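In: test case, fold it:
(one chain, ligands or ions: 1)
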Amino acid sequence: MTREFLYSGSPARIVFHDGAKNSVADWIAKSGARRALVLSTPHQKADAEALARQIGGAACGVFSGAAMHTPVEVTLAAMRVVEETRADCVVSYGGGSTTGLGKAIAYRTDLPQIVVPTTYAGSEATPILGQTEGGRKTTVKAAKILPEIVIYDPLLTHGLPVAMSVTSGLNAMAHAVEGLYAQDRNPISTLMAIEGLRAFARSLPKIVENPASGEARSDALYGAWLCGTVLGTVGMALHHKVCHTLGGSFDTPHAETHAIMLPHTAGFNAVAASQALAPVAEIFGGSVAGGLWDFAKAIGAPLSLRDFGLTEADLDKAAEIAVENPYWNPQPIDRKSIRQLLQNAWEGNRPI
Ligand code: NAD
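Out: Residues are numbered from 1 along each chain as shown. Sure, this is the predicted structure:
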């Protein structure tokens, strides 16, 4: 078979080392900005304020109202602070929710973004913004949404609780697994996906054992960058659509939903995409689905949707929504097989 692909590298600048947070002020200056608005969730407000103090004169304020799924009303409140403080860049300190707010501001203003990630969600490496208004989640993709500078400081993840580390890591791994069979994959996205999966296969069990392991934390954040970059480069399929449906319509928690669904969606696609998914079977041992499920179980991940308040009637509705708008997937999708897949994930069964 001859090769055929289209490749464009991400223009983002990536800074990665222990203690990299201390260079945020330098990067603000290098980007030509003088008035940085630091963003965070309410939970990370104290850390964001400490970062603003560290940035010193180049920080113009802190907005700590970021929330899951980027509600438009929160963005509008943050936009008022951007105007009041005459901010000329944003510094997003936190996980995907905070990065989402920074992206929503950049989408409306084209202000440059510096992101300091503290989870493995990977949003910082994508030009994609998901936002919610009136209970509906919509997604936009635009060049100005991609953060210009990402400062990865593994020391900031040492305190990420083990349960969140596990689900956030599996969330990141899902980007890589779907990237392996993406229709528009290229040799670099595939290399990054495999390397990202290897990094998490090595690091997550070590983090469960010793959450303060510097080596494992560094490895996991490296995996997050790789998997996030894959998400930002190629198209996603069944797994992300199903998780989007569950989160958007039934408010299931983001990372946990990805963690539970991954073995089931990967297993569903494992026959049609057996060659593309061969590295997953190799890295996790055994079959694609069984290997991923055993890995998730061994590191204490949640395994069943029913633990998150979903009913079997919700599964009927979710299967309906998930097949409403057709999209490409290696294995053709129909309502009956998606309903069965959801049932297995709801019961927490080990897929084969
Ligand atoms: P999150 O950002 O909502 O973080 C969850 C909670 O953990 C928050 O309260 C946060 O403040 C806290 N937290 C973050 N880092 C911490 C740390 N190191 N220690 C202690 N607490 C910490 O969760 P997430 O899973 O990172 O992000 C989920 C959101 O990101 C969803 O809205 C999802 O849709 C979005 N997302 C978007 C993309 C994209 O490309 N657009 C990609 C992945 C995720």
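In: quick one: Leu180 and Ala270 touch, right?
Out: No: at 10.9 Å, Leu180 does not count as touching Ala270 under the criterion of CB atoms under 8 Å. No exception for glycine: its C-beta is placed from N, CA and C like everyone else's.
In: between the two, which contacts overlap?
Out: Both Leu180 and Ala270 are contacted by Leu277, under the criterion CB atoms under 8 Å, 6 or more residues apart in numbering.
In: where exactly do the strands run in the stretch 1-150 of the chain?
Out: Residue ranges of the strands in the stretch 1-150 of the chain, as given by DSSP state E, counting those that start in this stretch, are 13-16, 36-39, 59-63, 89-94, 113-117, 128-133, 136-141, 149-152.
In: pull up the pairing partners for the last one, direction included.
Out: Right, strand 149-152. In the sheet, strand 149-152 lines up against strand 13-16 (parallel), strand 113-117 (parallel) (DSSP bridges).
In: quick one: classify the closest residue to Gln183 other than its chain neighbours as helix, strand or coil.
Out: Spatial nearest neighbour of Gln183, excluding adjacent residues (CB to CB, 6 or more residues apart in numbering): Trp328 at 5.4 Å. Local secondary structure at Trp328 is given as coil here, using DSSP: H, G, I helix; E, B strand; the rest coil.
In: which parts of the helix ranked longest in the chain are buried?
Out: Under DSSP state H, the helix in the chain containing the largest number of residues is helix 187-209. Neighbour-count burial for helix 187-209, counted by 16 or more other CB atoms under 10 Å, picks out 189-190, 192-201, 203-204, 206-208.
In: stretch 38-57 now?
Out: Across stretch 38-57, burial judged by 16+ other CB under 10 Å covers 38-41, 44-45, 47-49, 51-52, 55.
In: then stretch 131-147?
Out: Buried residues in stretch 131-147, counting neighbours by 16+ other CB under 10 Å, are found at 131-132, 137, 144-147.
In: let me know whether Lys206 touches Ala216 as I believe.
Out: Yes: counting by CB under 8 Å, Lys206 does reach Ala216; the two are 3.7 Å apart.
In: next, work out how far apart Leu342 and Tyr107 are.
Out: 32 Å (CB to CB, to the nearest Å).
In: quick one, what contacts the residue lying closest to Gly102 once chain neighbours are set aside?
Out: Leaving aside its sequence neighbours, Gly102 sits nearest to Ser92 (CB to CB, 6+ apart; 3.5 Å). Ser92 makes contact with 39-40, 66, 98-99, 101-102, 113-116, 124, 147, according to CB under 8 Å, 6+ apart.
In: can you pull the pLDDT of Ser92?
Out: Ser92 carries a pLDDT value of 99.
In: contact partners for the spatially most central residue of the chain?
Out: With distances taken as CA atoms, centre = their mean, the residue of the chain nearest its centroid is Ala121 (2.8 Å). By CB under 8 Å, 6+ apart, the residues touching Ala121 are 95-96, 99, 168, 171-172, 224, 228, 254-255.
In: ditto for Phe250
Out: So Phe250 contacts 310, 314, 318 (CB under 8 Å, 6+ apart).
In: how about the nearest residue to the one residue in the chain that gets nearest to the ligand, chain neighbours excluded?
Out: Going by CB to the nearest ligand atom, the ligand is nearest to Gly96 of the chain, at 2.0 Å. Closest residue to Gly96 apart from its sequence neighbours, by CB to CB, 6+ apart: Ala121 at 3.5 Å.
In: so how far is Asp47 from the one you found?
Out: For Ala121, the distance to Asp47 - CB to CB - is 17 Å.
In: swap in Ala273?
Out: Computed as CB to CB, the Ala273 to Asp47 distance reads 41 Å.
In: Arg13 too?
Out: 23 Å.
In: with Ala106 instead?
Out: Distance from Ala106 to Asp47, by CB to CB: 21 Å.
In: next: Pro302.
Out: 26 Å.
In: would you mind giving the domain segments of the protein?
Out: If you go by automatic domain parsing, the domain ranges for the chain are 13-157, 162-347.
In: quick one on the thing from earlier: mind putting the strands of the stretch 1-150 of the chain into JSON lines with distance to Val288?
Out: JSON lines is the format used below for the strands of the stretch 1-150 of the chain (distance: least, CB to CB, whole Å):
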{"stretch": "strand 13-16", "distance to Val288": "30"}
{"stretch": "strand 36-39", "distance to Val288": "38"}
{"stretch": "strand 59-63", "distance to Val288": "42"}
{"stretch": "strand 89-94", "distance to Val288": "32"}
{"stretch": "strand 113-117", "distance to Val288": "28"}
{"stretch": "strand 128-133", "distance to Val288": "25"}
{"stretch": "strand 136-141", "distance to Val288": "27"}
{"stretch": "strand 149-152", "distance to Val288": "29"}
